[in-house]
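A.B. asks: Below are the sequence and a predicted model; questions follow.
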Amino acid sequence: MLYITEGVEKKARSISWHVGEPLPDLNIQGVLVVQADGDELEFIYREFANIPHGQGSVVSWFGDMAKFIAGNL
């Protein structure tokens, strides 16, 4: 599962996504966090060779890295 959090802190929303599903409408500039595990984490590592790999089975990216991932899924 992949979670994308977008918005401003008091009006943030979290969106879930699975590989193979269409991506919901997002305000890419408003993306705060991308968190992935399982098939979605493997997809990110496979599709984005230069993305930093985290430790563990759940990885989170913040700021510009999160925007880049969300904008290029």
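C.D. replies: Received the coordinates, thanks.
A.B. asks: Okay, and the nearest residue to Phe62 once chain neighbours are set aside sits in which element?
C.D. replies: Residue nearest to Phe62 in three dimensions, not counting chain neighbours: Val33, with 5.6 Å by Cβ to Cβ, 6 or more residues apart in numbering. The C-beta positions use only the backbone N, C-alpha and C, and glycine is treated the same way. Taking DSSP states H and E as the criterion, Val33 maps to strand 31-37.
A.B. asks: Let me know the average pLDDT across that strand.
C.D. replies: Averaging pLDDT along strand 31-37 gives 96.
A.B. asks: List the buried residues for that strand?
C.D. replies: By 16 or more other Cβ atoms under 10 Å, the buried positions in strand 31-37 come out as Val31, Leu32, Val33, Val34, Gln35, Ala36.
A.B. asks: Out of those, which comes closest to Phe43?
C.D. replies: Ala36 (7.9 Å; Cβ to Cβ).
A.B. asks: where does the chain dip in pLDDT?
C.D. replies: Within the chain, the stretches with pLDDT under 70 are 9.
A.B. asks: will you turn the buried residues of strand 31-37 into JSON lines that also has distance to Pro24?
C.D. replies: Compiled in JSON lines, the buried residues of strand 31-37 are given as follows (distance: Cβ to Cβ, whole Å):
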{"residue": "Val31", "distance to Pro24": "12"}
{"residue": "Leu32", "distance to Pro24": "16"}
{"residue": "Val33", "distance to Pro24": "16"}
{"residue": "Val34", "distance to Pro24": "13"}
{"residue": "Gln35", "distance to Pro24": "16"}
{"residue": "Ala36", "distance to Pro24": "16"}
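A.B. asks: my guess is Trp61 contacts Leu32, does it?
C.D. replies: No - the pair Trp61 / Leu32 is not scored as a contact, 10.1 Å apart, by Cβ atoms under 8 Å.
A.B. asks: returning to what we had before: quickly note the distance from the residue nearest to Phe62 to Glu6.
C.D. replies: For Val33, the distance to Glu6 (Cβ to Cβ, to the nearest Å) stands at 9 Å.
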